[in-house]
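Peer 1: 3D model of this:
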Amino acid sequence: MMFEKLKTLADRFQEIDRQLADPQVIADIKGYQALARERASLADTVEAFRCYQDTEVQLAEAKELARVETDPEMADFLTEEVRDLEGTLADLAERLKVLLIPKDELADKDVIAEIRAGTGGDEAAIFAGDLYRMYSRFAESRRWKLEQLSGSPSEMGGFKEVIFSLKGPEVWSAMKFESGVHRVQRVPATESQGRIHTSTATVAILPEAEEVDVQIDPNDLKIDVFRSTGPGGQSVNTTDSAVRVTHKPTGLVVSCQDEKSQLQNKEKALRILRARMLDEARRAQQQAEAAKRRSQVGTGERSEKIRTYNFPQGRVTDHRIGLTLHKLNAILEGDLGELVEALAEEERVRALKEAG
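Peer 2: Here you go, the predicted model:
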């Protein structure tokens, strides 16, 4: 079964090479780029398959030579070569299994992240601010571009809600595991008795949708404008530049007021709206594919408690994979690499089991 699929992919790869040499295809820029992307997505798998086929031929030849060899010293050499080639073939077979794991269709997407304070009042808002700073530092370390799209600061610091975009290589692949409830256990600065409080913040990671991904009929939108306000209700500006966009068919509502321009706020609101609509469609598809959903590392549901940040013990625990790291300060400074890789590895292991 696996090798039938590999043969099909190799044939497709060869067909793409033939098409890319066709002057008519070259003249069609969009078509050419689409074929080039498809070729790039197949290249590693086809190269490994060809290497596997070559190794199979070498192994068959070595076995035949070993079978007829009469010189003891040469026979020992050939026996060792057969053993090495069998090991190489086994390694290549495992690599091919990994390469055949279905690619995440959102792998190349940028993301829109939403952080909202949960239970815990002012302390929850402060924690939401800590998470925003953590992701900002993580983005800096990965050389991603972060843009705040909307924010509702809390009077005591942090955010009641903050929405931002992240653009760069492998953003979705690294950030997709962050959706869910994050819990913090610490003594708030306002706590005079030294008691540990538990607060939460909810993180939602949405794939950023292009206009081609989500078509929005302008007639389905209700646009309201109002005057921007900041913490405590003070006026941010004296014009009606804030925008509230309501998508009437779904009831989704997005408000943006960070920019002074009404047009800029509307554009940001539509970006968030498209991302939420794509996320809703993706979740509906996942629910329809229950078996596939169970194979994922966590469900990504926003109600699912995924991680605890324990300040008294200086540890962070990811509950989905049972991983505890005693480096809380480093993680809050954006050192998420170890967590991301552990979650990605767990996803790879489960995908391999499912594949085979």
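Peer 1: what comes up buried for stretch 307-315?
Peer 2: Along stretch 307-315, these residues count as buried under the neighbour rule (16 or more other C-beta atoms under 10 Å): 307, 308, 309, 310, 315. From N, CA and C alone the C-beta is placed, and that goes for glycine too.
Peer 1: avg pLDDT for stretch 169-178?
Peer 2: The pLDDT scores in stretch 169-178 average 92.
Peer 1: now swap in stretch 316-331 and tell me
Peer 2: 96.
Peer 1: go through that stretch and flag the buried ones.
Peer 2: Neighbour-count burial for stretch 316-331, counted by 16+ other C-beta under 10 Å, picks out 316, 317, 318, 319, 320, 321, 325, 328, 331.
Peer 1: show me those residues that map onto strands.
Peer 2: Of those, the ones assigned to strands by DSSP state E are 316, 317, 318, 325.
Peer 1: one step back: of all the buried residues of stretch 316-331, which comes closest to residue 167?
Peer 2: residue 331 (22.8 Å; C-beta to C-beta).
Peer 1: was I right to think that closest one contacts residue 339?
Peer 2: Yes. Assessed by C-beta atoms under 8 Å, residue 331 is found in contact with residue 339 at 7.1 Å.
Peer 1: overlap in contacts of those two?
Peer 2: Applying C-beta atoms under 8 Å, 6 or more residues apart in numbering, one finds that residue 331 and residue 339 are jointly contacted by 316, 325.
Peer 1: rewinding a little: in a markdown table: the buried residues of stretch 316-331, plus distance to residue 253.
Peer 2: Below are those laid out as a markdown table (distance: C-beta to C-beta, whole Å):
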| residue | distance to residue 253 |
| --- | --- |
| 316 | 34 |
| 317 | 35 |
| 318 | 32 |
| 319 | 31 |
| 320 | 31 |
| 321 | 35 |
| 325 | 38 |
| 328 | 36 |
| 331 | 33 |
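Peer 1: which one of the residues you listed is nearest residue 192?
Peer 2: Out of those, the member with the shortest distance to residue 192 (by C-beta to C-beta) is residue 328, at 23.6 Å.
Peer 1: next secondary structure after the longest helix seen in the chain?
Peer 2: Longest helix in the chain, counting residues (DSSP state H): helix 29-68. Going down the chain from helix 29-68, the next helix or strand is helix 72-99, by DSSP states H and E.
Peer 1: how about that next one, which residues are buried there?
Peer 2: 78, 81, 82, 85, 92, 95, 96, 99.
Peer 1: partners of the helix or strand just after it in the sheet?
Peer 2: Remark: after helix 72-99, the chain's next helix or strand is strand 111-117, criterion DSSP H and E. Its sheet considered, strand 111-117 pairs with strand 159-167 (antiparallel), strand 197-207 (antiparallel) by DSSP bridges.
Peer 1: mind saving the C-alpha coords of the first one as CSV?
Peer 2: Taking only C-alpha atoms (Å, rounded to 0.1, in the frame of the first residue of the first chain), the coordinates of strand 159-167 have been written out as CSV:
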residue,chain,number,x,y,z
PHE,A,159,-5.3,43.1,29.0
LYS,A,160,-8.9,42.2,29.3
GLU,A,161,-8.4,41.2,25.6
VAL,A,162,-5.6,41.5,23.1
ILE,A,163,-5.6,40.4,19.4
PHE,A,164,-2.5,40.3,17.3
SER,A,165,-1.1,38.8,14.1
LEU,A,166,2.1,36.8,13.6
LYS,A,167,3.7,36.5,10.2
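Peer 1: list the buried residues in that strand.
Peer 2: By 16+ other C-beta under 10 Å, the buried positions in strand 159-167 come out as 159, 160, 161, 162, 163, 164, 165, 166.
Peer 1: now swap in the longest one and tell me
Peer 2: Residues of strand 197-207 classed as buried under the neighbour-count rule (16+ other C-beta under 10 Å) are 199, 200, 201, 202, 203, 204, 205, 206, 207.
Peer 1: can I get the strands paired with strand 111-117 in JSON lines including distance to residue 282?
Peer 2: What follows is the strands paired with strand 111-117, written out as JSON lines (distance: least, C-beta to C-beta, whole Å):
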{"stretch": "strand 159-167", "distance to residue 282": "17"}
{"stretch": "strand 197-207", "distance to residue 282": "7"}
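Peer 1: for residue 13, which three-state class applies?
Peer 2: Secondary structure, DSSP: H, G, I helix; E, B strand; the rest coil: residue 13 is helix.
Peer 1: what sits against it?
Peer 2: Contacts of residue 13 (C-beta under 8 Å, 6+ apart): 39, 42, 43, 46.
Peer 1: what's the neighbour count on the first one?
Peer 2: Read it as residue 39. When neighbours are defined as other C-beta atoms under 10 Å, residue 39 has 16 of them.
Peer 1: leaving out sequence neighbours, find the closest residue to it.
Peer 2: residue 16 (4.7 Å; C-beta to C-beta, 6 or more residues apart in numbering).
Peer 1: correct me, but the one you found touches residue 41?
Peer 2: No. Residue 16 is not in contact with residue 41 according to C-beta under 8 Å; the separation is 10.2 Å.
Peer 1: these two: which has the busier surroundings?
Peer 2: Between residue 16 and residue 41, counting by other C-beta under 10 Å, residue 16 is the more crowded of the two (19 against 13).
Peer 1: angle of the host helix or strand of that one against helix 29-68?
Peer 2: Element membership for residue 16 (DSSP H and E) is helix 2-20. With axes from the mean of the first three to the mean of the last three C-alpha atoms, to 10 degrees as the basis, helix 2-20 and helix 29-68 are set at 130 degrees to each other.
Peer 1: let me see the mean pLDDT of helix 2-20.
Peer 2: Mean pLDDT, helix 2-20: 92.
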